[in-house]
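# prediction below, plus the sequence it came from.
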Amino acid sequence: MSFNSELYLLALTIAIATGQQLHTDHSYVTGLQADLVAAKAEFESRFWDPVAQHYRFSTVGPYSTAMTIAAFYAQHLAESVGLPHLVDPKRHKTELITHYPEYRSHNAAGEVIGAPLLVRPGGLENPDGTIPFEVDWVMVGDNFAAAADYFDSGQRFHAPQLNSFAVELAEGVATQIWLKPENGLAFAAPWAWYPHDARKYIYPGYSQPLAVWDLLNAIKPPRAVDA
């Protein structure tokens, strides 16, 4: 999975930065740097699809051609604390700008209620007509984290359409939590809801939706206030 592999790149990057700041044994840090260079090269060769212009969700299996809304979770974490890029910045920009319109899930009223975990050309159904557990769910925390990346990327790449989509995505999710009392989600945002209907959800009171603060930080970072 690209998600887990990108987290590995982040772990190596954090270890290198920590080792440098703490003046850890130079040969150990140098070894980590060599590992990171090799891992980044392998990540790009295995996951980037040059034809479809996006990172693959996985290298094998039925969803090896799919995209995921969580594609740049680790990348965004690295950027938010000033660490170097984990993935190719040009490819990051290309995927976001090319594919963001595909990440919309609507309810029966036509409201945007978030982005599904995966998007695949031709749809997510298997040949037998089934859709596996979770792949089309709206993961609330992943949506907020992705919105933060869209917003930051819109600023960095001078792509206002990404800023607009970030707000649209987050507002769609937040509306289902706070402005739809019939959903029963206020103060109990869930891990995820089923496609097209936020009234069908799993794990209310989950902590991951606190990622909404990441988006707020992206829009207007807090400033220190003098005592």
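Thanks, I have the structure now.
# which neighbouring elements make contact with the helix or strand hosting residue 15?
Using DSSP states H and E, residue 15 sits within helix 2-21. Helices and strands in packing contact with helix 2-21 are listed as helix 26-47, helix 73-80; criterion 3 or more CB pairs under 8 Å, 6 or more residues apart in numbering; DSSP states H and E. To be clear about C-beta, it is placed using only N, CA and C from the backbone, and glycine gets the same treatment.
# how near is the residue most central in space within the chain to residue 142?
Most central in the chain under CA atoms, centre = their mean is residue 70, positioned 2.7 Å from the mean C-alpha point. According to CB to CB, to the nearest Å, residue 70 and residue 142 sit 5 Å apart.
# what is in contact with these two at once?
residue 117 (CB atoms under 8 Å, 6 or more residues apart in numbering).
# show me where this structure has helices.
Ranges of helices in the chain, per DSSP state H, are 2-21, 26-47, 73-80, 89-99, 140-156, 160-178, 212-219.
# one step back: name the residues of the helix holding residue 15 that are buried.
Residues 2, 3, 5, 6, 9, 10, 12, 13, 15, 16, 17, 19 are the ones in helix 2-21 that count as buried (16 or more other CB atoms under 10 Å).
# same question for stretch 171-185.
For stretch 171-185, the neighbour count (16+ other CB under 10 Å) marks 172, 173, 174, 175, 176, 177, 180, 183, 185 as buried.
# who touches it?
111-114, 138, 140, 143-144, 186, 189, 193, 198-199, 201, 204, 209, 212.
# for stretch 98-112, same thing?
Residues contacting stretch 98-112 (CB under 8 Å, 6+ apart): 53-54, 67, 69, 113-116, 119, 136, 138, 146, 150, 161-162, 165, 168-169, 171-172, 175-176, 195-198.
# do stretch 69-77 as well
2-3, 6-7, 9-10, 54-55, 57, 85-87, 92, 95-96, 103, 115-119, 139, 142-143, 145-146, 148-149, 152, 214.
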